[in-house]
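K.L.:
Sharing a sequence plus its predicted fold:
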Amino acid sequence: MSRHRQVRGMDFGEEYEGYFDVYGHSVEDDYCVSPSTAAQFLYPRGDKHQQLSAFMEEEGGIQEEVEDEDVEEIPERSVSQVMMQLKETDQAKLLSCMEEMHNILGDSHPEHVVLDAAMKHNYDLETALNAVLTSTTATHDISTGGAIPKRQRAEPGGNWRNIRPLDEPLAADSALPSTSAVKGIADSVAKISFSGQGKKGFDTRSDPSNTKDTEQTRLKELTPDRTSEKSPSRQKSPGRPKQANLEASVPQVPSLTKSASKAKGLDKLDMEAEYAKRKTTHKGMLSMVVIGHVDAGKSTLMGHLLYKLGSVSQRTMHKYENESRKHGKASFAFAWVLDETSEERERGVTMDVAQTRFETASKAVTLLDAPGHKDFIPNMITGAANADVALLVVCATRGEFETGFESGGQTREHALLVRSLGVHQLAVAVNKMDTVGWSQERFTEITRKLTSFLKQAGFKENDIKYVPCSGLTGTNLATQATEDALKSWYNGPTLLDIIDGFELPQRPVEKPFRLVVCDVFKGMGSGFSVSGRVESGSVQTGEKVLVMPGGETASIKSIQLEEEPMACTFAGDNVTLNLFNIDMTSVSTGDILCSTVNPIRTASLIRARVVVFNTDCPITKGFPVVFHYTSLNETAVVKKLISQLHKSTGEVIKKKPRCLTKNSSAVIEVEIERPICIELYKDNRDLGRFMLRYAGHTIAAGLVIEILG
C-alpha cells in the first residue's frame, strides 16, 4: 500500500482528505527516467524494427492442423498387462525375446514398440527385430515426404536470410552424413544375422582383399574436407574442441554372442571350462550339517575342532573362557564359538543354524550347526536342506543316550529328516566318552543300536562311520588320541579324517540355475544382498535372474563366496549375491532366483509320494499339516488320498484308502495355502523333496511327482 499511497507517516485516527488527489496516481511518476534507462528497459515502437508480419510468409502461410474428434487414441500396452493374459510358457518366451531385443537395441526404442513386435511375430527374435528396425528406417526416411517450406533466421543487423530446407542436399562444409549414407547404415543394421553362423556387425559389401580401401573411401564420403575452404563469417571460438571423427558418432550395434543374456560375462563354453578349472585348482566344496539331541555337545565339539584347526585365535578363545566363567558356564566356552547371540549363550541352547567354514586336507567344508531342541526343528530342516553330508552327535553318558534315542528324543527324528532330505553319507560322533572312562563296551552298545535303526531309515552300512571322541577335552578330534584307555582298543581315524573322507556328490551344473534365498540383508555398498545355496546350474556377474514367485527381474552386481569376490558360481556353493535393478522388498526368505529362460514353476496343488513315519494320529482326507520346503513353512491340507503303495516294491496295494497309518507309503494330493516355487523330483532332486509336520512332530516325507496347479 505504501508504494501507491503516502501513508507511512499517516495518523489513522485523523480523517485524510487527500484521497481525490492521489487516486490513480503513482509515486514513480514524480521522478524522471534517463534516456539510457528508457532505451534499456522500455520497448520502443519505432518503424525501424521488424514487424510481426515479417515472421510469416506471404504465400501459403501456416496451415492449421485439422483435429479429428472422432479418432480415438489406442492406449499403449504395458508388459504387466500382457503378462496377466499369457500362460507361464508364453510369459517366459516373451521375457526372453524382449530381453534379447533390449540387449541389441538398447533404449533407442520404447518398450511398447518392442512388446508389440514380439507379440505380433510370436516371440521370434529375428523376425521381430527386423520388423522394428524396418519400421524405424521407414519413419526416418525423409526422401518420401513432401516439400518442406523454407525457414528464415534473423541476422544481427536485422536482415533475414533463407535457411536450407530439409530436402535440399548439404553443402560441402556440413559435418552430417548424407541421407543415402544414413539409409545404408540402417539397412546394414537390419541385415544382422541372428543364427550365430553369419557375419556380425555391419555389412561392408566388399571383398576381403579390398577392405582397407573401402573403409578409406567410405570415410572420405562421410567426412568432408575442411582444409580447402573456410567460411569467413564463422570464426573459431576459443576453447572449442575439434570435431570428432564421424565414425565415432555413428552408433555401433553390438554383435550377437551365443547367449546375449551373458554378454557381460562368460558364455556357456567358458563356464564349463571354468568349472573344470575350479575342480583342478580348488579343494572340493562340501556342506555338512551337525545334528543330534539337545545337550549332546554339538556346539562344544565343533567349536573345539575349529580351535584346533586355527579358525579361532587363542586370544578370542581366552576371551570366551573368561566371559563364560563370569556367567557360571565355564564348560560352554567352546560352544560360544558358534553360539554368538546373547540369548543362545544365556540359555545354553542353539536356536538358529550357525554357519562357518574350515578346510581339511582335500576339502573346503561349510559347517552348519543345527539346533537340537524340538522347538527349533523348522530351523534344523532349513539347515539339513542345504547339506550334502551329516554328522550325528550322540552322548555316551549312560541315561542321556537312551533319552535322545528312545521315543520322543531328537536323535531318531534328526536322522530320519536328513535321510528324507537326500543325505546319504553319515558320520556318527560318540561324544563325551571321557565320562564313561573310554569304555569299549559302551561304544559297541551304542553303535549296535544306531546301526540297526539307521539301516531301517535308509542309510547303507558302508555310508555310516563311527568315531569315539570328547568335545570338551578335544581327544580324537584333529589328532590321534593320547589317552591310554582309548588307544588300547581304538586305532581308527580321527573325526577330521572321517570328514575329509566324505565323497563329493555329483553337482547338477548343466541344469537351469536355481538358488534358494536363505537371508536378505543390506550391505555396505549400493543395492542389497541375498545369501543362499545354489541348488543347480551356474550364474555369473552381470547376468539377469528372475525372482520367483514374484516374477521380477534383477541383475547380479557381484558374487561373494566366503567373502571372496568371484566371477561366477556353480551348483553346491553357499554364496552371497549383490542385486540391483530391483527393490529390496520384492525379495524375501524362501524365494528362488532362477534363470530367465527356464523359470521355476509355481503351484499350490501337487501330487506326491509320501512315507508316513511313526505317528499315532492317522492321516485322513482334509488332515491339516505344516508344509516344510527348503526355507519355507506353509500351512497345507491333505486334499485327497489316491492310493496306498507297498513300501518296498512301490506297487499299488489299495486305491482310495480311508486313512494312512504309521510306516505306510502312499500317493496323495496336498493343497498349499498360497502358491510356492516347486520342482518335480525327477527334474531336481533337491527341490523336489518336502516334509509334513503336525503338532510339533514330523509325520511324513514326500517327493513331488506331479504339479497340478
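P.N.:
Done, it's in. Numbering: from 1, shown residues only.
K.L.:
Burial check on the closest residue to residue 380 other than its chain neighbours, number of neighbours?
P.N.:
Leaving aside its sequence neighbours, residue 380 sits nearest to residue 370 (Cβ to Cβ, 6 or more residues apart in numbering; 4.2 Å). (C-beta placed from N, C-alpha, C; glycine too.) Residue 370: 27 surrounding residues under other Cβ atoms under 10 Å.
K.L.:
which neighbours does the helix or strand containing residue 706 have in its sheet, and in what orientation?
P.N.:
Per DSSP states H and E: residue 706 is located in strand 697-707. Using DSSP bridges, the neighbouring strands of strand 697-707 in the sheet come out as strand 601-612 (antiparallel), strand 689-694 (antiparallel).
K.L.:
between those strands, which one is nearest to residue 338?
P.N.:
Closest of the strands paired with strand 697-707 to residue 338 is strand 689-694, at 24.5 Å (criterion: Cβ to Cβ).
K.L.:
State the mean pLDDT of the closest one.
P.N.:
Computed over strand 689-694, the mean pLDDT rounds to 93.
K.L.:
Need the strands paired with strand 697-707 in a markdown table (columns: distance to residue 502 and mean neighbour count).
P.N.:
A markdown table is the format used below for the strands paired with strand 697-707 (distance: least, Cβ to Cβ, whole Å; neighbours: other Cβ atoms under 10 Å):
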| stretch | distance to residue 502 | mean neighbour count |
| --- | --- | --- |
| strand 601-612 | 25 | 20 |
| strand 689-694 | 20 | 22 |
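K.L.:
Out of the ones you listed, flag the one nearest residue 495.
P.N.:
Nearest of those to residue 495, taken as Cβ to Cβ: strand 689-694 at 28.1 Å.
K.L.:
before we move on, the earlier item: outside of the strand holding residue 706, which residues touch it?
P.N.:
In this structure, residues lying in contact with strand 697-707 by Cβ atoms under 8 Å, 6 or more residues apart in numbering are 377, 413, 416-417, 420-421, 601, 603, 605-613, 615, 617, 619, 625, 667-668, 670, 678-682, 688-693.
K.L.:
Show me which residues of that strand are buried.
P.N.:
Within strand 697-707, the residues that count as buried by 16 or more other Cβ atoms under 10 Å are 698, 699, 700, 701, 702, 703, 704, 707.
K.L.:
From residue 620, how far out is the third one?
P.N.:
Looking back up the chat, that one is residue 700. 13 Å (Cβ to Cβ, to the nearest Å).
K.L.:
same check, this time on residue 567
P.N.:
Residue 567 is 53 Å from residue 620, by Cβ to Cβ.
K.L.:
One more: residue 517?
P.N.:
Counting by Cβ to Cβ - residue 517 and residue 620 are separated by 35 Å.
K.L.:
Pick out whichever of the two has more residues nearby.
P.N.:
Neighbour totals were compared for residue 517 and residue 620, and residue 517 leads with 20 against 12 (other Cβ under 10 Å).
K.L.:
re the thing from before, next, format the buried residues of strand 697-707 as TSV and append pLDDT and distance to residue 493.
P.N.:
What follows is the buried residues of strand 697-707, written out as TSV (pLDDT from 0 to 100; distance: Cβ to Cβ, whole Å):
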residue	pLDDT	distance to residue 493
698	89	32
699	92	37
700	93	36
701	93	31
702	93	36
703	94	34
704	95	38
707	93	44
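K.L.:
all strands for the stretch 301-450 of the chain, in order.
P.N.:
Per DSSP state E, counting those that start in this stretch, the stretch 301-450 of the chain carries strands over the ranges 354-359, 363-369, 389-395, 426-431.
K.L.:
Lowest mean pLDDT among the helices and strands of this protein, which one is it?
P.N.:
Of all helical and strand segments in the chain, the minimum by mean pLDDT, DSSP states H and E falls on helix 246-249, at a mean of 37.
K.L.:
right, and the helix or strand after it?
P.N.:
helix 268-281.
K.L.:
If you count contacts, what does the following helix or strand past that following helix end up packed against?
P.N.:
Following helix 268-281 in sequence order, the next helix or strand is strand 284-292 (DSSP H and E). The contact analysis (3 or more Cβ pairs under 8 Å, 6 or more residues apart in numbering; DSSP states H and E) places strand 284-292 against helix 298-308, strand 363-369, helix 377-385, strand 389-395, helix 410-420.
K.L.:
With residue 271 as the reference, name the closest of these.
P.N.:
Comparing the helices and strands packed on strand 284-292 by Cβ to Cβ, strand 363-369 comes nearest, at 20.3 Å.
K.L.:
buried set for the closest one?
P.N.:
Going by neighbour count (16+ other Cβ under 10 Å), the buried part of strand 363-369 is 363, 365, 366, 367, 368, 369.
K.L.:
and the strands of the stretch 301-450 of the chain as TSV, adding mean pLDDT?
P.N.:
Formatted as TSV, these follow (pLDDT from 0 to 100):
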stretch	mean pLDDT
strand 354-359	89
strand 363-369	91
strand 389-395	94
strand 426-431	94
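K.L.:
in stretch 369-389, what's buried?
P.N.:
Buried-residue list, stretch 369-389, by 16+ other Cβ under 10 Å: 369-373, 376-377, 379-389.
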